[in-house]
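Novice: Can you look at this prediction? I've put the sequence above it.
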Amino acid sequence: FSVEAIAFWHEHLGAEGERRYHVADVRNLHMFANKSFHFAVDKGCLDALAFIQDQPLASSQVTLALRELERVLVPGGTIYCFSTD
C-alpha cells in the first residue's frame, strides 16, 4: 500500500491490534518469510501491472507478483483482489 493509504487507515481505524500495513513491491516481497500470511489484499496493484502497454512485459510482471504472493501465503491462504476491470 502507499504511505498515504497507510496514514489514512491509521487515522480512521487506529494502529492498535493485529493490523500491520506495509509499503512494498508485490513482485519482490523479500522482507517476508515463506508462508508468513493467511491472506493478502490487493486493490489495483495487479490491475496496474496487467495494463502495462507492452503485453509480454505485463504478463511477466503479473506472474512475478502472483508467485511472490503464493510464496508468502500459507497453504490454503487467500488473496483478496479488488479489480477495476
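Specialist: The structure has been received and is ready for your questions. Numbering: from 1, shown residues only.
Novice: C-alpha only now, for contacts and for neighbours.
Specialist: Noted.
Novice: helix/strand/coil for the nearest residue to V26 once chain neighbours are set aside?
Specialist: Spatially, and ignoring its direct neighbours in sequence, V26 is nearest to A65 (5.3 Å; C-alpha to C-alpha, 6 or more residues apart in numbering). Following DSSP: H, G, I helix; E, B strand; the rest coil, we place A65 in the helix state.
Novice: So A65 sits against A24, correct?
Specialist: No - A65 lies out of contact with A24 (C-alpha atoms under 8 Å); the separation is 11.3 Å.
Novice: Those two: which is more packed in?
Specialist: A65 (20 against 12; other C-alpha atoms under 10 Å).
Novice: contacting residues for that one?
Specialist: Residues counted as contacts of A65 (C-alpha atoms under 8 Å, 6 or more residues apart in numbering) are V26, R27, N28, L46.
Novice: quick one: D25 and G76, what's the gap?
Specialist: D25 is 22 Å from G76, where distance means C-alpha to C-alpha, to the nearest Å.
Novice: For stretch 22-33, what is the distance to the chain centroid?
Specialist: In terms of C-alpha atoms, centre = their mean, to the nearest Å, the gap separating the centre of stretch 22-33 from the centre of its chain is 8 Å.
Novice: Residues contacting it, please?
Specialist: So stretch 22-33 is contacted by 1-3, 6, 61-62, 64-69, 72 (C-alpha under 8 Å, 6+ apart).
Novice: packing partners for whatever helix or strand D47 lives in?
Specialist: Here D47, judged by DSSP states H and E, is contained in helix 45-50. Applying 3 or more C-alpha pairs under 8 Å, 6 or more residues apart in numbering; DSSP states H and E, we find helix 45-50 packed against helix 55-72.
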